[in-house]
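**Q** sequence and predicted model, in that order:
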There are 2 protein chains.
Amino acid sequence: MNQYDQLKWTVNSKKKVLSTPIFDVYEQAETAATGIKGDYLAIDAPDWVMTIPVYEGKFVMVRQWRHAAERLSVEFPGGIADEGEDPAKTAYRELLEETGFKAGRITHLGTVSPNAAIFSNRFHIYLAEDLIPTGETSLDDDELVSCELIPIDEVIASYGEKDYSHALMGTALFFYLRRLYDNQ
Amino acid sequence: MNQYDQLKWTVNSKKKVLSTPIFDVYEQAETAATGIKGDYLAIDAPDWVMTIPVYEGKFVMVRQWRHAAERLSVEFPGGIADEGEDPAKTAYRELLEETGFKAGRITHLGTVSPNAAIFSNRFHIYLAEDLIPTGETSLDDDELVSCELIPIDEVIASYGEKDYSHALMGTALFFYLRRLYDNQ
């Protein structure tokens, strides 16, 4: 028996307790390796994708209203992977739709869980370089988005303040910063 | 009118569509400044807290089963703020309960939204230093947790791989890394 096997749990059954257009919530009846039992919640959704677009020493960012936080938020572009879509393609597509920039090069920076405790889906982070501005965005009717080019140093220095307050953007910035220092 | 006012939305009404012990889900009927209307989901929960504990060049981490991701995960200790609790106190308390380390010094590194699109609560990140090991943890019956001291460089290099796959831990690492380079 592996030394960590006693930390593991098995899902005995799942029950959907909420279905929505962007996520479903399940209640999972589980048994631990130690024998204890419990019910746990899991939010399932398509995979999420975020792209860090770099253009002439600036990040290409989107300012938009975030409905749950009830505030404006400046973030990297991103979105939801279509069913069966390669997340690298989602990264390319969402960047183009939201900002009008075509990516010449897309590099995978990392894939993690949005929150391993309560989310079943995955969160993919990409770097987009060699950008070509097309000047044309393609947004849904209710996607009110302002595209902004902001100096990289300013975003890194300001993250956590003002309108830079989305945790998953912080995750993306970690991957960006680690890569930057690894390459120095 | 501010240049960004046209991006804003107003919540007209909220309806609770799911109530659970760890989060509630609301459907919000909203109107944009442009006049269009829509329904949006918001997950509300108590604030979440994560602590980066540093002890003799190592991070004090917890390995535990994450029920939604259905995998083991190695993370910084953390948890849910009790009602009305100062999140700095949550940071101190969760560190002691999960690892047995008492923090001599707690520093606030940042506060962001777990995911501004769908979460209404906040996520607070702290640095814990001058740690004193008590050797005694205080866990709930179903909290099967292994406390591990891991070299800081190893965690930073490995994040995104193996069992280091929790996005909010990446957010915390960004704040840690930025502070490290700012102080150099």
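**A** Yes, it's here. Numbers count the residues shown, from 1 in each chain, chains lettered A, B, ... in the order given.
**Q** residues contacting A:Thr171?
**A** By C-beta atoms under 8 Å, 6 or more residues apart in numbering or on different chains, the residues touching A:Thr171 are A:Gly110, A:Val112, A:Phe123, A:Ile125, B:Ala167, B:Leu168, B:Gly170, B:Thr171, B:Phe174. Where you see a C-beta, it was placed from the backbone N, CA and C, and this is true even at glycine.
**Q** show me those that map onto helices.
**A** Cross-referencing the contacts of A:Thr171 against helices under DSSP state H gives B:Ala167, B:Leu168, B:Gly170, B:Thr171, B:Phe174.
**Q** so where's chain A uncertain?
**A** The model of chain A has pLDDT under 70 over residues A:1.
**Q** in it, which spans are strands?
**A** Under the criterion DSSP state E, strands of chain A are mapped to A:9-19, A:24-32, A:37-44, A:48-55, A:58-66, A:71-75, A:78-80, A:101-112, A:123-133, A:145-151.
**Q** nearest to B:Glu129, of those?
**A** strand A:101-112 (26.0 Å; C-beta to C-beta).
**Q** close to chain B, is that closest one?
**A** Yes. Using C-beta under 8 Å from any C-beta of the partner chain, a contact is recorded between strand A:101-112 and chain B, made by A:Leu109, A:Gly110, A:Thr111, A:Val112.
**Q** with distance to A:Leu7 added, can I get the contacts of A:Thr171 in TSV?
**A** TSV is the format used below for those (distance: C-beta to C-beta, whole Å):
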residue	distance to A:Leu7
A:Gly110	24
A:Val112	20
A:Phe123	23
A:Ile125	27
B:Ala167	21
B:Leu168	20
B:Gly170	22
B:Thr171	24
B:Phe174	27
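**Q** ok, back up a step: make TSV out of the residues of strand A:101-112 next to chain B and add neighbour count and distance to B:Thr99.
**A** Below are the residues of strand A:101-112 next to chain B laid out as TSV (neighbours: other C-beta atoms under 10 Å in any protein chain shown; distance: C-beta to C-beta, whole Å):
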residue	neighbour count	distance to B:Thr99
A:Leu109	19	30
A:Gly110	22	26
A:Thr111	17	28
A:Val112	26	22
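**Q** for chain B, state which of those is nearest.
**A** Comparing the residues of strand A:101-112 next to chain B against chain B with C-beta to the nearest C-beta picks out A:Gly110 as the nearest, at 3.7 Å.
**Q** pretty sure that closest one contacts B:Tyr164?
**A** No. Between A:Gly110 and B:Tyr164 there is no contact under C-beta atoms under 8 Å: 10.0 Å.
**Q** tell me the domain ranges of chain A?
**A** Here the domain assignment for chain A is A:5-44, A:48-182, based on automatic domain parsing.
**Q** return the most buried member of those.
**A** When you average the neighbours per residue for each of these (mean count of other C-beta atoms under 10 Å in any protein chain shown), domain A:48-182 leads with a mean of 19.
**Q** just how off-centre is that one within its chain?
**A** Between the centre of domain A:48-182 and the centre of its host chain there is 7 Å, according to C-alpha atoms, centre = their mean, to the nearest Å.
**Q** alright, I will stop here.
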